[in-house]
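Peer 1: model the structure of this input:
(one chain, ligands or ions: 1)
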Amino acid sequence: MQLIMLGTGASQVTEYYNTCFVLKEQDQYLLTDSGGGNTLLAQMKHAGINWLDIKDIFITHQHLDHLGGLIWLLPLYCTALRKGLLQAPIRIFAHAELAHTIDMIAHAILGEMQIGYYENGIDLITVEDGHKLYLLGQELVCVDLHAKGVPMFGYRLSLGGGRSLGCLADEPLYEECVERFKGVTYLMHEAFCLQAEEQRFNPHHRHHSTVKDACENARRCQAQTLILYHTEDSHEKERSALFQNEARQYFPGQVLVPDDLEVLELT
Ligand SMILES: [Zn+2]
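Peer 2: Numbering: from 1, shown residues only. So this is what the prediction gives:
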C-alpha cells in the first residue's frame, strides 16, 4: 500500500498544503481529509492522481483546513455523475455531527442541476466509535479520538499480516485511545513544532503536540514507525532533518517527516 501525502501543514501555513493524504492499494484509493481549498486539486494532479479515481473519503473533523477541499470536490463529483464519467456511489465517511455539517454545506453550495446527483450519487456514511469498514481491501476500524476541541475521528487500518496504520488526525494520542493503537506498525501523529520551539509556537494551547510529545505518545502505544505531519512551516525544506534530529532523543524507532507529495511505501 502507498501513502501519498498531498499536504503536511497545519492550518495557517503557506509553504505546505494543509494536511491530507491518499492511501492507494492497486486501483483503490482512500482520501483522508481534504485540506483547506482547491489546492487539493493541484496536489492530486501533481501526485499523478486522477480525482475521478477517488471514490472513498474519510473526513476526521470539521475544521476548515481538513474540510475545505471537499467544497471543491462536491460539485465536480456531481458534474461527473451527470456526464456519466463516474459510477455512483461516492462515499464520504464522517462522524454524525460532521456528516450533518457536510450535508448543510452541500445544500448551500450545490446548484439545482447538481443537488439530485449529490442526493442519489454521494453516500454520506455516519461512522461511530468501533465501526468497522472494509476499504482498500482491508479492515478499517473507526476511532473516536476523544479530542479536546471539536469531535474528531481517526482510524486503525489493517495492512495485512498483522501490520497496521494508525491515523490520529489533528490532536495528540490521549490516554483513552492508547489501547486502540497499541502495537501499530505506522502511527501518524501531528507535531506542530519542535519541543525546542515550544515557547515560540505554543502548540499546547491549540491541542497540538511538539515532536517530543508525539515521540512519547508513539512509545506509549509501542508504535514501530512514527510519521509526523500537520506542522508549522518556518523551516521549510529543513523541517525533516530538524524534526528527526529532535525525535531521535525520544523515540527509538523510525521517524518519518514527509514533505508534500512524498510517497511512502507501507511495506
Ligand atoms: Zn488541522
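
Peer 1: okay, buried residues for stretch 184-196 please.
Peer 2: For stretch 184-196, burial by neighbour count (16 or more other Cβ atoms under 10 Å) applies to Val184, Thr185, Tyr186, Leu187, Met188, His189, Glu190, Ala191, Phe192, Cys193, Leu194, Gln195. In short, each C-beta sits where N, CA and C put it, glycine included.

Peer 1: let me see the mean pLDDT of that stretch.
Peer 2: What stretch 184-196 shows for mean pLDDT is 97.

Peer 1: cool, and stretch 104-118?
Peer 2: For stretch 104-118, mean pLDDT is 96.

Peer 1: list the buried residues of that stretch.
Peer 2: Neighbour counts using 16+ other Cβ under 10 Å place Ile105, Ala106, Leu110, Gln114, Tyr117, Tyr118 of stretch 104-118 among the buried residues.

Peer 1: return the closest of these with respect to Gln222.
Peer 2: Ile105 (38.9 Å; Cβ to Cβ).

Peer 1: does that closest one sit in a helix, a strand or a coil?
Peer 2: helix (DSSP: H, G, I helix; E, B strand; the rest coil).

Peer 1: how much space between it and Asp129?
Peer 2: Using Cβ to Cβ, to the nearest Å, Ile105 is found at 24 Å from Asp129.

Peer 1: before we move on, what about Thr19?
Peer 2: 22 Å.

Peer 1: of these two, which one has the most company?
Peer 2: Set Thr19 next to Asp129 and count neighbours by other Cβ atoms under 10 Å: Thr19 wins out with 29 against 14.

Peer 1: for the closest residue to the more buried one other than its chain neighbours, give me phi and psi.
Peer 2: Take Thr19 and drop its neighbours on the chain: the residue closest to it by Cβ to Cβ, 6 or more residues apart in numbering is His230, 4.4 Å away. Taking degrees, to the nearest 10, you get phi 60, psi 60 for the backbone angles of His230.

Peer 1: tell me how many other residues crowd the residue nearest to Glu246 when sequence neighbours are not counted.
Peer 2: Leaving aside its chain neighbours, Glu246 sits nearest to Val211 (4.6 Å; criterion: Cβ to Cβ, 6+ apart). Val211: 32 surrounding residues under other Cβ under 10 Å.

Peer 1: quick one, phi/psi of Val211?
Peer 2: Taking degrees, to the nearest 10, you get phi -60, psi -40 for the backbone angles of Val211.

Peer 1: gap between it and the ion?
Peer 2: Using Cβ to the ion, to the nearest Å, one obtains 17 Å as the distance from Val211 to the ion.

Peer 1: Asp144 now?
Peer 2: As defined by Cβ to the ion, Asp144 lies at a distance of 17 Å from the ion.

Peer 1: likewise for Phe181?
Peer 2: Taking Cβ to the ion, one finds Phe181 at 19 Å from the ion.

Peer 1: tell me who's in contact with that residue.
Peer 2: Applying Cβ atoms under 8 Å, 6 or more residues apart in numbering to Phe181 gives the contacts Val143, Arg156, Gly166, Leu168, Leu173, Leu187, Cys221, Ala223.

Peer 1: ranking by neighbours, what's the top pick from these?
Peer 2: Leu168 (31 neighbours).

Peer 1: residues in contact with it?
Peer 2: Neighbouring residues of Leu168 by Cβ under 8 Å, 6+ apart: Leu145, Gly154, Cys177, Phe181, Leu187, Met188, His189, Glu190.

Peer 1: so which of those residues are in strands?
Peer 2: Counting by DSSP state E, the part of the contacts of Leu168 found in strands is Gly154, Leu187, Met188, His189, Glu190.

Peer 1: taking the stretch 101-250 of the chain, what residue is nearest to the ion?
Peer 2: Nearest residue of the stretch 101-250 of the chain to the ion: Asp170, at 4.3 Å (Cβ to the ion).

Peer 1: how about the residues of this protein by the ion?
Peer 2: Contact residues (Cβ under 5 Å from the ion) of the chain with the ion: Ser11, Asp65, Asp170.

Peer 1: grab the most central residue of this structure for me.
Peer 2: The residue lying closest to the centre of the chain (Cα atoms, centre = their mean) is Thr32, at 4.0 Å.
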